[in-house]
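*Asks:* the following block contains a protein sequence and its predicted model.
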Amino acid sequence: MNKATGTHTELKLSAGRTAVIGALLVTIGPLSMALYTPALPTLAEVFGTTAAVAKLTLTVYFAGFTLAQLLCGPLSDAFGRRPIILGFFSLYLLGSLLAWLAPNIEMLLLGRLIQGIGASSGIAVARAIVRDQFSGEAGARIMNLLAVMLGIGPAISPTIGALTLSAFGWQAIFILMVIYAGFILLLTLTVLPETNFHRDVKLIRPRQMATSYWTLLRSFEFMQPSLILGFTIGVIYTLSTVLPFVLIERLGLTPLQFGMGMVLQSGSFFAGGVVTRLLLRRFSTEALLGPALVLCGLGGLVLFTVTQLEYLSFLSIMIPIGVFAFGASMALPALSMRGMEPFPKIAGAASALMGFMQMAGGFLGSLVTAIVVPDPVTALGVVMPGMAFLALFLFVLPVKKRDVEEQSVSP
């Protein structure tokens, strides 16, 4: 057994530095979509393809991101957080270069798939780094900081993407991704210490990986918050495949106007994190979870009504989306810690499976909007409200808690 030695105080990052590094890692996922979405209609035109095929560049990214998390989580449990970040972000860098230089839509799809695989380590490893060092309300406060800082990138990325598209063309968007990946690699090499003091190479054996994931899958205490995250954060990812076609093609916004308008969604997510941080001075994260999910349901209900009545305008669409994003941001810290806290020795696997649920929600939502409900307005009024009410349904189900010893896997 190859375990790390040392105490939990060695090389421990401060809460602030953990939040900053964690935010930079988790931001890579939404950043790779938010920078890119204003260019979707342009890419369909440049490569002479349909809007549905252009949307597949997001779908293959979702697929790579979602599935690869299940591998990078246990890898980080076995070998540590740093080497996994270095390896997977090098893959992301390669995918970004392929997308930048793509001569056709097939090469772009391949580049996006590799990007998704590489970016998968960001969210899985970042949450594991937090769980390595913090638990309870302290961990929840850092998860909230991640949500606050996570809101900044997507809030400004569509605007940056639209400005970059207008000034330099679509390839420049991928150049920005190359630069970001290089910065993360440099930061990992120079600043980030190893935080996993339970490293054990046995955890990467197929049978042990299966045992770890089976432990998580049979625990409703883990599955309930993970599925709720899948149906809430998954909506945010799904919207990135629908909103460009609703706002640009149906309502006539330019890519730059679309980028500016997306600040309402991401800004609401950011505002939800800030308000949650203030409320945590008086309330626990668990006390805020119910009201947060009610806000998600309210946003979904209003959007369903608007699309059914065909009262379509920028504000009638984006205000309920903003309400949903605000609630999703409030719910994120409590759900993350509720699902991960009982599993310190397989924190990477727990974080990976939780991230899988989120991206799977986004992948399935985007797949439904591309194939089952191809009309973007109809999809907007059905998929998001449906996922919001599924999250509320799961929340009201009772959870029978077990002892931590029953939930954890011994190395």
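*Replies:* Received, thanks.
*Asks:* quick one, phi/psi of Asn104?
*Replies:* phi -150, psi 170 (degrees, to the nearest 10).
*Asks:* sorry, wrong one. I was asking about Ile204.
*Replies:* Main-chain torsions, Ile204, degrees, to the nearest 10: phi -90, psi -10.
*Asks:* Ala78 is in contact with that one, correct?
*Replies:* Yes: the pair Ile204 / Ala78 is scored as a contact, 3.9 Å apart, by Cβ atoms under 8 Å. Using the backbone N, CA and C atoms, a C-beta is placed for each residue, glycine as well.
*Asks:* Gly161 versus Phe168, what's the distance?
*Replies:* Distance, Phe168 to Gly161, by Cβ to Cβ, to the nearest Å: 11 Å.
*Asks:* neighbour count: these two, which is higher?
*Replies:* Gly161 (27 against 12; other Cβ atoms under 10 Å).
*Asks:* got a list of what the more buried one touches?
*Replies:* Listed by Cβ atoms under 8 Å, 6 or more residues apart in numbering, the contact set of Gly161 reads Ala34, Leu35, Tyr36, Thr37, Pro38, Ala39, Ile173, Gly259.
*Asks:* closest one of those residues to Thr238?
*Replies:* Of all the contacts of Gly161, Thr238 sits closest to Thr37, with 11.9 Å by Cβ to Cβ.
*Asks:* more crowded one of Ile204 and Ala78?
*Replies:* Set Ile204 next to Ala78 and count neighbours by other Cβ under 10 Å: Ala78 wins out with 24 against 16.
*Asks:* and the more buried one, what's its pLDDT?
*Replies:* You'll see Ala78 listed with a pLDDT of 86.
*Asks:* got the contact list for Arg82?
*Replies:* The contact partners of Arg82, by Cβ under 8 Å, 6+ apart, come to Thr188, Leu192, Pro193, Glu194.
*Asks:* ok, now with 6 Å
*Replies:* Counting by Cβ atoms under 6 Å, 6 or more residues apart in numbering, Arg82 makes contact with Thr188, Leu192, Glu194.
*Asks:* related to what we said a few turns ago, of the contacts of Gly161, which is the most crowded?
*Replies:* Pro38 (31 neighbours).
*Asks:* what separates that one from Ile173, distance-wise?
*Replies:* Computed as Cβ to Cβ, the Pro38 to Ile173 distance reads 8 Å.
*Asks:* over to Leu75?
*Replies:* From Leu75 to Ile173 the distance is 29 Å (Cβ to Cβ).
*Asks:* go on, Val373?
*Replies:* Applying Cβ to Cβ, the value for Val373 to Ile173 is 28 Å.
*Asks:* name the element the closest residue to Ile85 other than its chain neighbours belongs to?
*Replies:* In this structure, Ile85 finds its nearest non-sequential neighbour in Thr188, 4.9 Å apart by Cβ to Cβ, 6 or more residues apart in numbering. Per DSSP states H and E: Thr188 is located in helix 171-190.
*Asks:* average pLDDT for that helix?
*Replies:* Mean pLDDT, helix 171-190: 92.
*Asks:* before we move on, back to that, now render the contacts of Arg82 as CSV, adding neighbour count and distance to Gly365.
*Replies:* Putting those into CSV (neighbours: other Cβ atoms under 10 Å; distance: Cβ to Cβ, whole Å) gives the following:
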residue, neighbour count, distance to Gly365
Thr188, 20, 31
Leu192, 22, 33
Glu194, 17, 36
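*Asks:* now, among those, which is nearest to Ala147?
*Replies:* Using Cβ to Cβ, Leu192 is the member of these that lies nearest Ala147, at 20.5 Å.
*Asks:* report the secondary structure state of the closest one.
*Replies:* Here Leu192 is coil, with the state taken from DSSP: H, G, I helix; E, B strand; the rest coil.
*Asks:* got it, and the one 4 residues further on?
*Replies:* Under the three-state scheme (three-state DSSP), the conformation of Asn196 reads as coil.
*Asks:* point out the other helices and strands that the next helix-or-strand element following the helix holding Thr188 packs with.
*Replies:* Where DSSP H and E defines the elements, the next helix or strand beyond helix 171-190 is helix 206-217. Applying 3 or more Cβ pairs under 6 Å, 6 or more residues apart in numbering; DSSP states H and E, we find helix 206-217 packed against helix 347-367.
*Asks:* just give me how far the helix it packs on sits from the chain centre.
*Replies:* A distance of 8 Å separates the centroid of the chain from that of helix 347-367, by Cα atoms, centre = their mean, to the nearest Å.
*Asks:* over to stretch 121-139?
*Replies:* How far stretch 121-139 lies from its chain's middle: 14 Å, per Cα atoms, centre = their mean.
*Asks:* ok, stretch 302-314 next?
*Replies:* That offset, for stretch 302-314, works out to 27 Å (Cα atoms, centre = their mean).
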